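Undergrad: Pasting the sequence and the predicted model now:
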Amino acid sequence: MYSWKSHFVVLADYQHWANDVLFNSLDHLQPEVIGSDQGLYFKSIHHTVDHLLLVSQVWLARMRGEHLEANYREINHPDFRELKQLLRRETRKLQTWLDEQPEAFFEAEMSFAGSDGKPRGMWVREALTHVFTHYAHHRGQISAVITRLGGPCPEMDFVYYRREMDKLLSEVK
């Protein structure tokens, strides 16, 4: 049965998968490139991935009714290998947490303090759509840098994820 819950749990799994595809392409680049200015909004690939982790943590806290102070201007996790593992764990944590929520949660409105400290409100499904499209936005930027630098183009489209999941399911059967 289709529901907002099942939709967002699958999208959380897709985020994890797409991050891994991105990381596999990044592994083909020289390590010093990861931290250098590549013309991204957050300058480096490292800072952009760090931003993805921080955004995920901030929005999970907001959905839980908590507040997390965030400094987007600096890199919070200087070890890139550790950062990749933290983002992997955070994405699974979000997926697990979403799976534990009742169906009604996905139909609810949430209130939170914005980055500017002002009170905000948003539907949960809109907040999740924002988080997941935000991931795709920044992964796309990083992907462009990878290919510009001669690395392999990461094929992160949702349709590739579905094909891989369908293949895995058929192998299990």
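TA: Sure, I can see it.
Undergrad: what about the longest helix in this protein?
TA: helix 124-148 (DSSP state H).
Undergrad: Give the buried residues for it.
TA: 124-125, 127-128, 131-132, 135-136, 138-139, 141-143, 145-146 (16 or more other C-beta atoms under 10 Å). (C-beta placed from N, C-alpha, C; glycine too.)
Undergrad: How about residues contacting that helix?
TA: Helix 124-148 is contacted from outside by 4, 8, 11-12, 14-15, 18-19, 22, 25-26, 28-29, 38-41, 45, 48-49, 51-52, 55-56, 59, 62-63, 98, 105-110, 122, 152-154, 156, using C-beta atoms under 8 Å, 6 or more residues apart in numbering.
Undergrad: Buried only: go through those residues for me.
TA: 4, 8, 11-12, 14-15, 18-19, 22, 25-26, 29, 38, 40, 45, 48-49, 51-52, 55-56, 59, 62-63, 98, 105-106, 110, 122, 154, 156.
Undergrad: quick one: the residue nearest the centre of the chain from Asp20, how far?
TA: Compute the mean C-alpha point of the chain, and by C-alpha atoms, centre = their mean the closest residue is Tyr135, 4.2 Å away. Separation of Tyr135 from Asp20 (C-beta to C-beta, to the nearest Å): 13 Å.
Undergrad: ditto for His137
TA: Taken as C-beta to C-beta, the span from His137 to Asp20 is 18 Å.
Undergrad: swap in Val145?
TA: 18 Å.
Undergrad: can you check His130 too?
TA: 22 Å.
Undergrad: same thing with Tyr72?
TA: For Tyr72, the distance to Asp20 - C-beta to C-beta - is 24 Å.
Undergrad: Check what pLDDT the nearest residue to Phe8 once chain neighbours are set aside gets.
TA: Leaving aside its sequence neighbours, Phe8 sits nearest to Leu128 (C-beta to C-beta, 6 or more residues apart in numbering; 4.9 Å). Listed pLDDT for Leu128 reads 98.
Undergrad: and what of the one 3 residues further on?
TA: Val131 is assigned a predicted lDDT (pLDDT) of 97.
Undergrad: Met1 now?
TA: For Met1, pLDDT reads 70.
Undergrad: burial of it, as a residue count?
TA: Neighbour count of Met1, defined by other C-beta atoms under 10 Å: 4.
Undergrad: what separates the closest residue to Thr48 other than its chain neighbours from Ile142, distance-wise?
TA: Distances taken as C-beta to C-beta, 6+ apart place Phe42 nearest to Thr48, at 4.6 Å, with adjacent residues excluded. For Phe42, the distance to Ile142 (C-beta to C-beta) stands at 10 Å.
Undergrad: Touching both of those two, which residues are there?
TA: Joint contacts of Phe42 and Ile142 (C-beta under 8 Å, 6+ apart) are Thr48.
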